[in-house]
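Asks: Sequence isn't available, so here's the structure alone:
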C-alpha cells in the first residue's frame with residue numbers, strides 16, 4: 001500500500017527498513033532509546049503528512065536516513081532534549097557485566113569506542129554510515145547534506161586518525177602488560 005502524501009513510498013518497505021532506521025536514529029541521539037523513538041516517530045509523521053516528500057532522487061533508505069538526521073538536528077536546535085546528538089556514549093553497567101565473560105572482545109570494543117570518540121562528530125557519522133550501514137560515500141554526502149569532496153576528506157582523515165589511535169592503544173597494551181594482568 002502506497003502512502004497518500006508520499007506515493008513513491010510503500011508501507012511494506014517502511015516496515016522492512018524500520019530496524020535500520022531505528023538504529024540510525026539511536027546513533028543520531030547518542031543511543032538514547034526514548035529520544036530515538038521520538039525522532040523516528042517525528043520522521044514518520046513528516047513522511048505521512050507529506051512534510052518530507054520522497055522524489056526518487058536517491059534510494060529510499062538514503063533519503064530516510066537524511067530525514068532522520070535532519071529531524072534529530074531540528075530537535076537538538078529546539079532543545080527538545082539537551083543530550084541529543086553524539087556526545088560520549090558509555091556502556092551501561094548491565095552491558096559491561098554481561099560482556100565481562102568475553103574478556104578480550106569487551107576490551108577491544110572499549111578501545112575502538114574510545115578511538116571513535118576521539119574523532120569529530122562528522123567523522124564518526126561518516127565511519128558509522130560507511131562501515132556499519134554500508135552506504136557509499138556519495139550516499140553519505142546526501143544523508144549529511146555536504147559535498148562528496150567533504151565526505152571523502154573526512155573519511156580519509158578518520159581512517160588515518162583511527163589507525164594512529166588504535167596503534168597507540170595496542171602499543172600501550174603491549175607496554176602495560178598482558179590483558180589478563182591489567183583486567184584481572
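Replies: Done, it's in. Everything numeric here is computed off the predicted structure, so don't read it as measured data. Numbering: from 1, shown residues only.
Asks: Next, give phi and psi for residue 10.
Replies: With angles defined as degrees, to the nearest 10, residue 10 sits at phi -100, psi 130.
Asks: so what's it bridging to?
Replies: residue 2 (DSSP bridges).
Asks: how much space between it and residue 62?
Replies: Counting by C-beta to C-beta, to the nearest Å, the gap from residue 10 to residue 62 is 16 Å. Where you see a C-beta, it was placed from the backbone N, CA and C, and this is true even at glycine.
Asks: Between these two, tell me which one has more neighbours.
Replies: residue 62 (20 against 14; other C-beta atoms under 10 Å).
Asks: so what's the residue lying closest to residue 123 once chain neighbours are set aside up against?
Replies: Of all residues beyond its chain neighbours, the one nearest residue 123 is residue 158 (3.8 Å), with distances taken as C-beta to C-beta, 6 or more residues apart in numbering. Shown in contact with residue 158 (C-beta atoms under 8 Å, 6 or more residues apart in numbering): 119, 123-124, 126-127.
Asks: residue ranges of the strands in the chain, please?
Replies: 2-3, 6-10 (DSSP state E).
Asks: Could you list the buried residues of the last one?
Replies: When you say that, I think you mean strand 6-10. Of all the residues in strand 6-10, those buried under the rule 16 or more other C-beta atoms under 10 Å are 6, 9.
Asks: Counting by contacts, list what that strand packs against.
Replies: If you count contacts as 3 or more C-beta pairs under 8 Å, 6 or more residues apart in numbering; DSSP states H and E, strand 6-10 packs onto strand 2-3, helix 33-49.
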